[in-house]
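**Q** Quick one: sequence plus predicted model below, questions after.
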Amino acid sequence: MSSFSSGEDRSNDNQSSENNLKKGPWTAEEDAILAAYVTRHGPGNWNIVQQNTGLLRCGKSCRLRWTNHLRPDLRRGAFSKEEQNKVIQLHALMGNKWAKMAQEV
């Protein structure tokens, strides 16, 4: 049996019904808004980003988008041979502490 009644609107499955926060892929416009905000105010209290920008994303989503996709100092591309060797050495030393290893590479 479906959890939706016949009269419920399911027109926007990327919108959370409980708090009206958008889920799913980010648009270029949302990326631009977030990047402009962080450039002006710096990374910090991610929970106020929604209030100050009008983005319909939670603070965690904004933080992860900035950290993993939009940061200007984010390195892209393949690891060099030296970096690969460094990761292998760090893994042998630290185990699966990937965040700590990323600070060293």
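**A** Nice, I can see it.
**Q** all contacts plus neighbour counts: C-alpha atoms, from now on.
**A** Noted.
**Q** Which of the helices or strands spans the closest residue to Leu90 other than its chain neighbours?
**A** Distance criterion CA to CA, 6 or more residues apart in numbering; nearest residue to Leu90, sequence neighbours excluded, is Met101 at 6.3 Å. Assigned by DSSP states H and E, Met101 belongs to helix 98-104.
**Q** cool, Lys86 as well?
**A** Per DSSP H and E: helix 81-94 holds Lys86.
**Q** what's that helix in contact with?
**A** Outside helix 81-94, the residues that touch it by CA atoms under 8 Å, 6 or more residues apart in numbering are 97, 101, 105.
**Q** From those, keep the buried residues only.
**A** Met101 (16 or more other CA atoms under 10 Å).
**Q** pLDDT averaged over stretch 75-87, what's the number?
**A** When pLDDT is averaged over stretch 75-87, the result is 89.
**Q** then that stretch to CSV, C-alphas only?
**A** Extracted in CSV, the C-alpha atoms of stretch 75-87 (Å, rounded to 0.1, in the frame of the first residue of the first chain):
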residue,chain,number,x,y,z
ARG,A,75,42.7,20.3,-6.6
ARG,A,76,41.4,18.3,-9.5
GLY,A,77,43.0,15.7,-11.6
ALA,A,78,45.1,12.6,-11.1
PHE,A,79,47.7,12.2,-8.4
SER,A,80,51.3,12.4,-9.3
LYS,A,81,53.5,9.3,-8.7
GLU,A,82,55.0,11.0,-5.6
GLU,A,83,51.6,11.7,-4.2
GLN,A,84,50.5,8.1,-4.8
ASN,A,85,53.6,6.9,-2.9
LYS,A,86,52.9,9.4,-0.1
VAL,A,87,49.3,8.1,0.2
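**Q** Please report the distance of Lys23 from Ala99.
**A** Distance of Lys23 to Ala99, given as CA to CA, to the nearest Å: 26 Å.
**Q** More neighbours: which of those two?
**A** Lys23 (14 against 8; other CA atoms under 10 Å).
**Q** Does the lowest-mean-pLDDT helix or strand in the chain pack against any helices or strands, and if so which?
**A** Lowest by mean pLDDT, DSSP states H and E among the helices and strands of the chain is helix 98-104, with a mean of 84. Using 3 or more CA pairs under 8 Å, 6 or more residues apart in numbering; DSSP states H and E as the contact test, the elements touching helix 98-104 are helix 81-94.
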